[in-house]
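[1] Quick one, fold the following:
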Amino acid sequence: MKQIGDRAATLKRESLHQVTSRTDAVKTQSMKEEDSSDSQVSKLREKLQLISALTNKPESNRPPETTHEEQVQSFTSKPSALSEVPQSLGDHIEKTAQRRPISLPGISSIKDLQDLFHETGRNMDGKLTYQEIWNSLGSAMPAPESLREFDANGDGKYSFLELRVAVGV
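    The predicted model follows:
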């Protein structure tokens, strides 16, 4: 009888160990899937914002019932992931994408824009001030205010991407 009791206790311990191991494995897998999902949402959000900025597609072309957040939420069932990207950045990119391209004298292609950066001694990773652009392109430059609308980070300097969006090339 004692052997049966010992055997039953051993089986209970083994069963408990198996259940605990399975539970831990499920928890670990669930956490990995959650992290992966959050990462995918962030990457998709960044791509969507970049596409919006590069295509210069105005908000009015979007159906009225679809907002930026609704599009992002359609990719995930976790609305809490939306708070990871600062809303002000998304708002600024959308506002920039709504602007009409401006005309910079002599800039009508990506090559022209690259040449502008090289002429001023900057590489493609550098930034140009309004004055540096004016010095290179001359007095036919638009007013500083019209270019300032495309200054995504508000630093008063213009990256290659910011100027590319500004001129629509």
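
[2] rest of the way, CA atoms for contacts and neighbours
    OK.

[3] Quick one: the helices in the protein, in order.
    For the chain, the helices defined by DSSP state H cover 2-55, 68-73, 87-98, 110-119, 130-137, 144-148, 160-167.

[4] what's the least confident stretch among those helices?
    Mean pLDDT is lowest for helix 68-73 out of the helices of the chain, coming in at a mean of 51.

[5] Assess the claim that L104 and P142 are in contact.
    Yes - counting by Cα atoms under 8 Å, L104 touches P142, with 7.1 Å between them.

[6] Which of those two has more residues huddled nearby?
    Neighbour totals were compared for L104 and P142, and L104 leads with 19 against 13 (other Cα atoms under 10 Å).

[7] Can you tell me, leaving aside adjacent residues, what's nearest to that one?
    Nearest residue to L104, sequence neighbours excluded (Cα to Cα, 6 or more residues apart in numbering): M141, at 6.0 Å.

[8] need the contact list for that neighbour.
    Going by Cα atoms under 8 Å, 6 or more residues apart in numbering, M141 touches S103, L104, P105, W134.

[9] Over to D151?
    Counting by Cα under 8 Å, 6+ apart, D151 has contacts K157, Y158, E162.

[10] out of those, which one sits closest to V41?
    Here the nearest of those to V41, counting by Cα to Cα, is E162; it sits at 24.3 Å.

[11] Wait, that closest one touches E149, no?
    No - using Cα under 8 Å, E162 is not in contact with E149; the gap is 9.8 Å.

[12] of the two, who's got more company?
    E162 (22 against 15).

[13] quick one, domains of the chain?
    2-94, 110-167 (automatic domain parsing).

[14] still on that earlier bit, of the contacts of M141, buried ones?
    Neighbour counting by 16 or more other Cα atoms under 10 Å classes L104, W134 among the contacts of M141 as buried.

[15] okay, the contacts of M141 in a markdown table with distance to K47 next?
    As requested, the contacts of M141 are exported to a markdown table (distance: Cα to Cα, whole Å):
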| residue | distance to K47 |
| --- | --- |
| S103 | 26 |
| L104 | 27 |
| P105 | 30 |
| W134 | 32 |
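
[16] thinking A166 is in contact with I102, fair?
    Yes - using Cα under 8 Å, A166 is in contact with I102, at 5.9 Å.

[17] Give the residues shared as contacts by the two.
    L147.

[18] of those two, who's got more company?
    Taking other Cα under 10 Å, A166 and I102 do not tie; A166 has more neighbours (27 against 16).
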